[in-house]
Structure formats: C-alpha cells, structure tokens
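Undergrad: Attaching a predicted model along with its sequence, questions to come.
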Amino acid sequence: MTTKIIGTGSAVPEQVVTNDDLSKVVETSDEWIRTRTGIRERRIATEGSGTSHMAAEAARKALENAGISAEELDIIILATSSADCCFPSGACEVQAAIGASHAVAFDLSAACSGFVYALNTAHSFFKAGIYKTGLVIGADTLSKLIDWNDRGTCVLFGDGAGAAVVRAEETGSFHMTMGADGTRGSALACPGRTTGNFLTEKGPELGYMTMDGQEVFKFAVKTVPESINKVLAESETDIEEIKYFILHQANYRIFESIAKRLKIPMEKLPTNLERFGNTSGATIPILLDEMNREGKLQQGDKLILAGFGAGLTWGATLLEW
Ligand code: UT7
C-alpha cells in the first residue's frame, strides 16, 4: 500500500508587499533582504482572507485538479499554526466551505513542518486501512503573529495556502520520517498567544513571534540533510534517483548549504521563495502546485519533500508522482 498525490491547488492573498515597502516600516533594505534570504516580495492577507478562506480556495482547486468531488473525501487535515480561531478547527471550516460531508476533519500543529507531518499522517491512516481518500492542506497567516517592528522576523514571512488530494494506491513508493525536539522550542516561538482564564488570572497579552535566526538556520542545515538521508536509506533509494527536493521555503542560503552537504545540484531544489517569502506550513504545497501546473512533474518521478520549523519539528517524505 502506498499514497499518491492526485491533485494540487494553492491560494495566496492579492496584496503584494515588496522589500521596498518594508523598508518604509522598519530599518531594512531590498539589498539586505535579497542577499540574506532570497526574498523579493510576499503576499499579505487582508480582512476576510484569513487561513480558512485561503485553505478552502486551495482545496477547491486541488479537488478540481484531481477530478474528484468533495463528497469523496474521507479525511481533511489542515496543517496550520495560525488558525482563525481556537474552535471550530480550520479543517472543519474548510469541510463546510467545500461540502465534504463524509470527511473527518482536524487541524495539525507542526508549524513549518506541518504539511509533511499532515501528509505522513494521512498516509498512516491509509496504511492502516481506515481511509482511502484525503485532503492535506498547509495554510498560514503568519502576518497576524508577526511583530512588524522586528526587522529580524517581519521581512521573512508571507501568507498563503496549498493543498493536495491524496489517495491510497497499490503501487508506487512512499517513505516517511518525522522528528521533534521540544527542548529547543524557544528558538522559534509565539509565546503570548496562550489562552488565559480571565476569571482567575490576568488576561493574556498579545505576544508576537520571536526567533533566534542563527539557531534556526543551524538546525535546518543539519536536520534537513539528515532526514533526507534517512528516507533515502529506508527506501533503499539512491540520491540520484530523486528528481526534485521540494524543501520548506525559508531561506535561499539554507538551500545552498543543504545542496552542498548532500552534493546535489541547485537545479534539483526548486524555489518560489522570491515571490512568496516563508508561508510556513504552506510553502511546500504551494511550490508543489506551481510545479504540477507548469508540467514539471511526470508520472513515476521520485520526489522528496522536507520541512523544518518551530517545535522544533522536522520531517521528510519520499514519494512517487
Ligand atoms: O521556517 C523557519 C523560519 N526561520 C528561519 O528560516 C530562520 C533561519 N535564519 C535565517 O534565515 C537568518 O538567520 C536570518 C535571515 C533571519 C538573519 O540572517 P543572518 O545572516 O543570520 O543575520 P544576523 O541575524 O546575524 O544579523 C546580521 C546583522 C545584524 O546587525 P549587526 O548586529 O551585525 O549590526 C542584524 O541586526 O543584520 C541585522 N539585521 C538586519 N538588517 C537589515 C537583521 N535583520 C535585518 C533586516 N534588515 N531585516
């Protein structure tokens, strides 16, 4: 038993915010952002285009691309760390919006590793014989968690959603690995969004994302090659057999370091970072959707998807298109 992606979709807000726009808000420059990260612009959600809205739009496009109806879905997993509200979950809002009346639906929180975690979770349900058809979504609106006075973080992130329709199949390959290290959680955190009890405690203060950029950088360039090597070893696949490594889009310099460590050419690491920045759980499925629609993925192509982020969390999936 294996899992295949049979359709993809994505949605980003219309509002484009360029590096020059940001240099009017914080002390930064287009040159600094481009050379340190590879980002030129990002999309930022406006009123009414939050996480569930973008997730539902990406989901509709993925279903259309797969050529199946929402009623055929058994399971919806929405990977997000910026759901619009505590409950109902964003996945339930998507279920209602697209009319997936037979699907179980829940959110999964693994930050920028979320899409890979969600895909691997769907596969585990398929492998156990519980469900056959699923919708895996990565969607985030980190713009609402960002301190727009902090130049160390606000230049990096953008908003967006990407979705994949997945199905249990008899043939093909699917291998996965995941990891977490909560002891290093403070390297990338949004601690002020706890839900306090207003009756007995002081109410929660609106806190923003904090990040130790260099710590996360070092973690990424070590952990991503390790998890890629792990899925390659477990699946007995030679690295040369992999057509593309679709990595969480965080920083172009992280890609360069990973490519060097794995001794793979940069052409095998596609990127759209310059246009969308880091959309957290959405980066991998947005890029996958672009590549699918551009006809870059052929049946039988072996791909590795790899994510890393807050938690700290990481994960990789080797699959056949
Ligand atoms: O999904 C995971 C999300 N997180 C990440 O991917 C983060 C991974 N880390 C990174 O991408 C990089 O560490 C950053 C892009 C965040 C920062 O790059 P860096 O090369 O590690 O820069 P740095 O933090 O060492 O800062 C260098 C200088 C500092 O100034 P001084 O102390 O040398 O005078 C910073 O204050 O750059 C300054 N700086 C900026 N300058 C202009 C920091 N942010 C900015 C900025 N514009 N936006």
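TA: Cool, the structure landed.
Undergrad: Only C-alpha atoms from now on, for both contacts and neighbour counts.
TA: OK.
Undergrad: I'd assumed Ile75 was in contact with Val104.
TA: Yes: between Val104 and Ile75 there is a contact at 4.8 Å, judged by CA atoms under 8 Å.
Undergrad: Neighbour count: those two, which is higher?
TA: Ile75 (24 against 16; other CA atoms under 10 Å).
Undergrad: State the pLDDT value of the more buried one.
TA: Ile75 is assigned a predicted lDDT (pLDDT) of 98.
Undergrad: What are the phi and psi values at it?
TA: As for Ile75, its main-chain torsions (degrees, to the nearest 10) stand at phi -150, psi 140.
Undergrad: ok, it - contacts?
TA: 103-105, 122, 131, 133-135 (CA atoms under 8 Å, 6 or more residues apart in numbering).
Undergrad: Can you tell me how far it is from Lys24?
TA: 44 Å (CA to CA, to the nearest Å).
Undergrad: do the same with Thr317
TA: 40 Å.
Undergrad: Kindly report the same for Ser82.
TA: The value you get for Ser82 to Lys24, if CA to CA is used, is 26 Å.
Undergrad: which of these two has more neighbours?
TA: Ser82 (22 against 10).
Undergrad: Would you confirm that the more buried one contacts Leu142?
TA: Yes: using CA under 8 Å, Ser82 is in contact with Leu142, at 6.4 Å.
Undergrad: I'd like to know how many residues surround Gln214.
TA: Neighbours around Gln214, by other CA under 10 Å: 10.
Undergrad: Give me the next element, helix or strand, following the helix or strand hosting it.
TA: Element membership of Gln214, judged by DSSP states H and E, is helix 213-234. Next helix or strand after helix 213-234 toward the C-terminus (DSSP H and E): strand 242-247.
Undergrad: Mind listing the strands that next one pairs with, and their directions?
TA: strand 302-309 (parallel) (DSSP bridges).
Undergrad: got the residues of the stretch 151-300 of the chain near the ligand?
TA: 151-152, 155, 213-214, 216-217, 250-251, 280 (CA under 6 Å from any ligand atom).
Undergrad: at 8 Å instead, please
TA: Residues of the stretch 151-300 of the chain found near the ligand (CA under 8 Å from any ligand atom) are 151-156, 188, 211-218, 220, 248-251, 253-254, 278, 280.
Undergrad: Quick one, which of the residues you listed are buried?
TA: 151, 153-156, 188, 211, 216-217, 220, 248-251, 254, 278, 280 (16 or more other CA atoms under 10 Å).
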